[in-house]
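Novice: Based on what follows, work out the 3D shape:
(2 chains)
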There are 2 protein chains.
Amino acid sequence: MARWEPDARGRLERAALELYAERGFDQTTVAEIAARAGLTERTFFRHFNDKREVLFRGTELIDAISAAIGAVPDGVAPFHAAAEGLTSAAEFFADRRPHARTRQAVIEANPALQERELIKLSAMAHTIAGALRARGVVDPTASLIAETSVAVFKVTFESWLADASDRPLTAHLRDGFADLATATRP
Amino acid sequence: MARWEPDARGRLERAALELYAERGFDQTTVAEIAARAGLTERTFFRHFNDKREVLFRGTELIDAISAAIGAVPDGVAPFHAAAEGLTSAAEFFADRRPHARTRQAVIEANPALQERELIKLSAMAHTIAGALRARGVVDPTASLIAETSVAVFKVTFESWLADASDRPLTAHLRDGFADLATATRP
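Specialist: Sure thing, here's the model as predicted:
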């Protein structure tokens, strides 16, 4: 039985991000991450399958978005249900902007990680389309709303990272969905 | 001086797509594509840098979209300018549905090609955002409209491929933009 390491996961995550930012993702080894965190490689592999997984957490956020869309009252129209679900799930990022900024810089420096990020966003759209279908929305409308919602998420996430003020991601998202509604008016 | 081969590019493209569909992309060699087309490998490399480029033509479509957005009259609001530009450029696909269907099947069978497709769509969004900025649209609105327009293109392109009727891609695109405008109403 491994001994309990207080906040091992958080320490490994912070150590990994620091090293990726300092040296680049490809130049960092799991051994170095474990050493920086004061933990063993074995502990690293209890929490992550590989060093890429530190940047891309399984399906945690995507599952939260799906559940949040499912929890929106029935009367709410699909686009607004997707917007509410995404905004509600985005509370996850409330105190994570410094982390998210470092992560973004690491990803922007590495084309393979950028591809991985696009795949995650595509998976997010597929999950949102499924959550909308479960609300009775048919295709292609379900896919259309899902893909455009993810587009709003992507753009507002970048605005949030670049914002010098303390406005939360949830406020950026609300603005983004409202801006899109205004832009599409005839 | 190489001798002139009538429609060498088209013959190579058709031969490549046939082979990718029959055997899979990874299992097909340039030598086999050239042989199937009745041409030499050297002729292949005069038209394409590698076998992936048969599926992903440089920036032809993206440049056409950018030019079409630039040609939309000044008074047209940004979302509608993006929609008109994309729809006008989509005339390129008028007689290419059989080709596009085979290409899609090849890409869906190969994760590395799917990643490449996502990168192309992301590049398309960046180019559209640039074309909107050239019309005086500021960020994040330019990026928001660009990313959502590409989302509409992606979904309606799939609807067009799946459609048993002969409705052109341009009609699917118009419906998609109209559906999004309806969906975002308060």
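
Novice: got a list of what the residue most central in space within chain A touches?
Specialist: Closest residue to the average C-alpha location of chain A: A:Leu61 at 5.9 Å, with C-alpha atoms, centre = their mean. With contacts defined as C-beta atoms under 8 Å, 6 or more residues apart in numbering or on different chains, the neighbours of A:Leu61 are A:Ala89, A:Phe92, A:Met124. Where you see a C-beta, it was placed from the backbone N, CA and C, and this is true even at glycine.

Novice: Just checking, which helix or strand succeeds the one helix or strand it maps to along the chain?
Specialist: Assigned by DSSP states H and E, A:Leu61 falls within helix A:60-71. For helix A:60-71, the succeeding helix or strand toward the C-terminus, using DSSP H and E, is helix A:78-89.

Novice: Closest to chain B out of the contacts of A:Leu61?
Specialist: A:Met124 (12.0 Å; C-beta to the nearest C-beta).

Novice: Need the three-state assignment for the closest one.
Specialist: helix (DSSP: H, G, I helix; E, B strand; the rest coil).

Novice: any idea how far it is from A:Phe56?
Specialist: Noted for A:Met124: a distance of 12 Å to A:Phe56, by C-beta to C-beta, to the nearest Å.

Novice: Counting neighbours, go ahead and name the busier of those two.
Specialist: A:Met124 (22 against 15; other C-beta atoms under 10 Å in any protein chain shown).

Novice: Could you measure from the more buried one over to A:Glu117?
Specialist: Distance from A:Met124 to A:Glu117, by C-beta to C-beta: 11 Å.

Novice: Also A:Glu108?
Specialist: 9 Å.

Novice: Which positions in chain A make contact with chain B?
Specialist: A:77-80, A:114-115, A:118-119, A:122, A:125, A:140-141, A:143-145, A:147-148, A:150-152, A:154-156, A:158-159, A:176-177, A:179-181, A:183-186 (C-beta under 8 Å from any C-beta of the partner chain).

Novice: Any of those residues buried? List them.
Specialist: A:77-80, A:114-115, A:118, A:122, A:125, A:140-141, A:143-145, A:147-148, A:150-152, A:154-156, A:158-159, A:176-177, A:179-181, A:183-184 (16 or more other C-beta atoms under 10 Å in any protein chain shown).

Novice: Show only the entries of these found in helices.
Specialist: Counted as lying in helices by DSSP state H, out of these, are A:78-80, A:114-115, A:118, A:122, A:125, A:141, A:143-145, A:147-148, A:150-152, A:154-156, A:158-159, A:176-177, A:179-181, A:183.

Novice: quick one on the thing from earlier: next, the buried residues of the helix holding A:Leu61.
Specialist: In helix A:60-71, counting by 16+ other C-beta under 10 Å, buried: A:Leu61, A:Ile62, A:Ala64, A:Ile65, A:Ser66, A:Ala68, A:Ile69.
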